[in-house]
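**Q** would you be able to build a 3D model of this:
(chains A and B)
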Amino acid sequence: MANTNLYQSLSLIVPEIVLTIALLVLVTADLIFHKDKKSIPFVALAGILLTGYFTLIQIGNYGFAFQTSASAFKHYGMFASDPFSIFFKVIVIVSSLLIVFFSFSSDEIQKITDRIGEYYALIFGMILGMYFMISATDLILIYLSLELLSLSSYVLSGFTKLRDRDSEAALKYLLYGAVSSGLMLFGISLIYGLTGSTNLYIINSLIQSPDVNLFTLAFAVILIFAGIGYKISSAPFHFWTPDVYEGAPITITAFLSVASKAAGFALLIRFVKTTFVSYTDPNGMWQLINVFDWKTLLISISILTMTLGNFSALWQDNLKRMLAYSSIAHAGYILLGLVVFSDQGLKAIFIYFAVYMLMNLGAFLIVMLIANKIGSEEIDDYNGLGFTSPFLGVAFTIFLISLTGLPPTAGFIGKLYLFIALVDAKMIAVAVIALLNSVVSLYYYVRVLKHMYLTSPTKDTPAVSASLPNTILVSALVLATLVFGLYFSPVVDAAESSLFILGL
Amino acid sequence: MLQVGLTHFLIISAVLFSLGIYGIVTRKNAVMVLMGIELVLNAANINFVAFSKFGNFGLGGQVIALFVIVLAAAEAAIALAIVLNIYKTFSNVNVDEIDHLKE
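**A** As a prediction, the model looks like this:
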């Protein structure tokens, strides 16, 4: 491949280059400072801050890196830097930053300080995979970055090896992940056979011709959706989620539930938008190539996902497991934003992800702080905690209310924009089902509050107090959740300016 | 004389794919499940190479197959490490017996 624009390409992937260098520095630092590893987390922190800085200065520097040599498609590449990718990269890097802060005070991570270098190196592997996944416009780059993300997270989900359930989580994640990525690769090979290319833009222009075998194409697309659906844990590929979320160390669970899901959704949206949209009609609706009935298929998947997630969460007694099912349900809501097939739906997805990151990471942080003290995530052990630890109790209440989607929290704004998009697209029945689902979710979120506040504390009820840095962290997340619930125009503006996806 | 064409390769890859899925679904031993996954990956590889040879798509497909081989090796290394770890904790590697997380 003749790369005439190599320098320009390199300037577009600066954040990824910085991440790679930071990963190498981490591995080296781990070897050099093998006696005293106290400095390693700070190296990781510096790497993430640098990456965040370089991600932000990418704003305005858009284009395709590593363009194809095919003469008809000279200006399409395998890596797109556009406002859409910057938004998701910011989500990923902010949640990575928070995860590093979580790791500072997590009990589980403190017990493995001798392997802390590998822990952070693997987290950087995950971030690198997500960064490439968000920007990839070539099926092979998509597959490779998905595997980079997966392989790092398989290891991390069983990393602490403190209990039996850690290695079990790793095994389940590995088996489901390997199967679905294998299916995805087979789908990619079929698309390669149909079109002779792996570039999404070339595929788009070739499958618009009438003599494409639609049956094979539909089969291949469904196989690829298996790989993506597993990453965003949508039904029917969600079976790994509760087990892995419960077994993995809580920092990794939180990371998987936000960052990994964001990268998966970015990939799904870009894949659908660049590969299958043939044109955008005057109302702003994307008109998709008629491989199968997109709308019916995606609506049924998202309704199935949210209903399964919400109803299974009702019976969970372990909070990590409950939050796992709740994150499945949220994936269902977010998928509805894609079903609208318009920029308005995309905007709703952006807003939802920004608030979902804040409230979900906040909830996991509280669960982690309480688990540090009482060594358990069972809901029965939370009895009376609201009285003995008022600060964490109130913060947890706010996060749970936000996850339900009630005002005046940010979660309400996320759901509001989603439902507006649905109603504008005349999908009122779907909006009603999603609304009813939120009502169901109220039950299991409030059930936690019932245990915390309506059970009187006994003498054995521990008082959980957060250290000063954790108090600041929790307050910052609570404040953001509340402020974005009332003053949400910054999020909406950011979402509106990020709508542009390079290409057609 | 019988000419070996694209169809023959596709049939082989379809058979491999189906055998791989069959192995994944029916086998209890984690190592056997991993072998099924390898079959699926290799079925995709055969597709890539066959399409690139018979479709006149250039060498792209063969390069992709090389990438996939490397990736499959990395995946097998990680998978076997995890399975080894499972064997240490549970003294067996049967996926249906490792279900402490279900309630």
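**Q** around chain B, pick out the residues from the stretch 101-250 of chain A.
**A** A:140, A:144, A:147, A:151, A:154-155, A:158, A:161, A:164-165, A:167-172, A:174-175, A:178-179, A:182-183, A:185-186, A:188-190, A:192-193, A:196-198, A:242-243, A:246-247 (Cβ under 8 Å from any Cβ of the partner chain). To be clear about C-beta, it is placed using only N, CA and C from the backbone, and glycine gets the same treatment.
**Q** in stretch A:406-420, which residues are buried?
**A** A:406, A:409-419 (16 or more other Cβ atoms under 10 Å in any protein chain shown).
**Q** columns distance to chain B on top of those residues, output as TSV?
**A** Compiled in TSV, the buried residues of stretch A:406-420 are given as follows (distance: Cβ to the nearest Cβ, whole Å):
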residue	distance to chain B
A:Leu406	29
A:Thr409	30
A:Ala410	31
A:Gly411	28
A:Phe412	32
A:Ile413	35
A:Gly414	30
A:Lys415	30
A:Leu416	35
A:Tyr417	35
A:Leu418	32
A:Phe419	34
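**Q** show me the residues you listed that map onto strands.
**A** If you go by DSSP state E, the buried residues of stretch A:406-420 have nothing in strands.
**Q** a markdown table for those residues, including pLDDT?
**A** Conversion of the buried residues of stretch A:406-420 to a markdown table gives the following (pLDDT from 0 to 100):
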| residue | pLDDT |
| --- | --- |
| A:Leu406 | 89 |
| A:Thr409 | 91 |
| A:Ala410 | 92 |
| A:Gly411 | 92 |
| A:Phe412 | 94 |
| A:Ile413 | 93 |
| A:Gly414 | 93 |
| A:Lys415 | 93 |
| A:Leu416 | 93 |
| A:Tyr417 | 93 |
| A:Leu418 | 93 |
| A:Phe419 | 93 |
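**Q** out of the residues of the stretch 101-250 of chain A next to chain B, which are buried?
**A** For these, buried by 16+ other Cβ under 10 Å: A:140, A:144, A:147, A:151, A:154-155, A:158, A:161, A:165, A:167-172, A:174-175, A:178-179, A:182-183, A:185-186, A:188-190, A:192-193, A:196-198, A:242-243, A:246-247.
**Q** so where do the strands sit in chain A?
**A** Going by DSSP E, chain A shows strands at A:63-67, A:77-81, A:277-280, A:286-288.
**Q** I'd like these written out as a markdown table, with mean pLDDT added.
**A** Converted to a markdown table, the strands of chain A look like this (pLDDT from 0 to 100):
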| stretch | mean pLDDT |
| --- | --- |
| strand A:63-67 | 83 |
| strand A:77-81 | 88 |
| strand A:277-280 | 84 |
| strand A:286-288 | 85 |
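**Q** in a markdown table, list the ones you listed along with distance to A:Leu502 and mean neighbour count.
**A** Below are the strands of chain A laid out as a markdown table (distance: least, Cβ to Cβ, whole Å; neighbours: other Cβ atoms under 10 Å in any protein chain shown):
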| stretch | distance to A:Leu502 | mean neighbour count |
| --- | --- | --- |
| strand A:63-67 | 7 | 21 |
| strand A:77-81 | 4 | 24 |
| strand A:277-280 | 13 | 14 |
| strand A:286-288 | 15 | 17 |
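**Q** tell me which of the ones you listed lies nearest to B:Asn45.
**A** strand A:77-81 (20.2 Å; Cβ to Cβ).
**Q** and that closest one with chain B, contact?
**A** No: Strand A:77-81 stays clear of chain B (Cβ under 8 Å from any Cβ), getting no nearer than 11.6 Å.
**Q** who does the closest residue to chain B within the stretch 351-500 of chain A bridge with?
**A** The minimum distance from the stretch 351-500 of chain A to chain B, using Cβ to the nearest Cβ, falls at A:Glu378 (10.8 Å). Residues in a beta bridge with A:Glu378, per DSSP bridges, are A:Asn318.
**Q** OK, contacts around it?
**A** Each residue near A:Glu378 by Cβ atoms under 8 Å, 6 or more residues apart in numbering or on different chains is listed here: A:317-319.
**Q** redo those as CSV? Include pLDDT.
**A** Rendered in CSV, the data for those read as follows (pLDDT from 0 to 100):
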residue, pLDDT
A:Asp317, 90
A:Asn318, 91
A:Leu319, 92
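**Q** buried subset of those?
**A** Buried among the contacts of A:Glu378 (16+ other Cβ under 10 Å): A:318-319.
**Q** quick one: the spatially closest residue to A:Ile109 that is not a sequence neighbour from chain B, how far?
**A** Among residues not flanking A:Ile109 along the chain, A:Ser103 sits closest, at 4.7 Å (Cβ to Cβ, 6 or more residues apart in numbering or on different chains). In this view, A:Ser103 and chain B are 21 Å apart by Cβ to the nearest Cβ, to the nearest Å.
**Q** got it, and A:Phe104?
**A** For A:Phe104, the distance to chain B - Cβ to the nearest Cβ - is 26 Å.
**Q** looking at it, that residue is touching A:Asn372, isn't it?
**A** No: with contact defined as Cβ atoms under 8 Å, A:Phe104 does not count as touching A:Asn372 (11.6 Å).
**Q** now stretch A:152-159: how far from the chain's centre is it?
**A** 16 Å (Cα atoms, centre = their mean, to the nearest Å).
**Q** check stretch A:310-326 too.
**A** Per Cα atoms, centre = their mean, the centroid offset for stretch A:310-326 relative to its chain is 18 Å.
**Q** and it, which residues are buried?
**A** So for stretch A:310-326, counting by 16+ other Cβ under 10 Å, buried means A:310-313, A:316, A:318-326.
**Q** repeat that for stretch A:417-432.
**A** Quick answer for stretch A:417-432 (16+ other Cβ under 10 Å): A:417-419, A:421-422, A:425, A:427, A:430-431.
**Q** longest helix of chain B?
**A** Ranked by number of residues, the top helix in chain B under DSSP state H is helix B:60-90.
**Q** which strands or helices does it pack on?
**A** Judged by 3 or more Cβ pairs under 8 Å, 6 or more residues apart in numbering or on different chains; DSSP states H and E, helix B:60-90 is in contact with helix A:139-157, helix A:164-195, helix B:30-54.
**Q** what mean pLDDT does it have?
**A** Per-residue pLDDT values over helix B:60-90 give a mean of 92.
**Q** in that helix, which residues are buried?
**A** Quick answer for helix B:60-90 (16+ other Cβ under 10 Å): B:60-61, B:64-65, B:68, B:71-72, B:75-76, B:78-79, B:82-83, B:85-86, B:89-90.
**Q** contacts only, for the spatially most central residue of chain B.
**A** The structure's chain B has its C-alpha centroid closest to B:Glu38; by Cα atoms, centre = their mean the separation is 2.1 Å. Contact partners of B:Glu38, counting by Cβ under 8 Å, 6+ apart, are B:20, B:72, B:76.
**Q** next, count neighbours for A:Tyr487.
**A** A:Tyr487 has 10 neighbours, counted by other Cβ atoms under 10 Å in any protein chain shown.
**Q** now do the same for it: its pLDDT.
**A** With respect to pLDDT, A:Tyr487 scores 89.
**Q** A:Leu50 and A:Thr251, how far apart?
**A** 21 Å (Cβ to Cβ, to the nearest Å).
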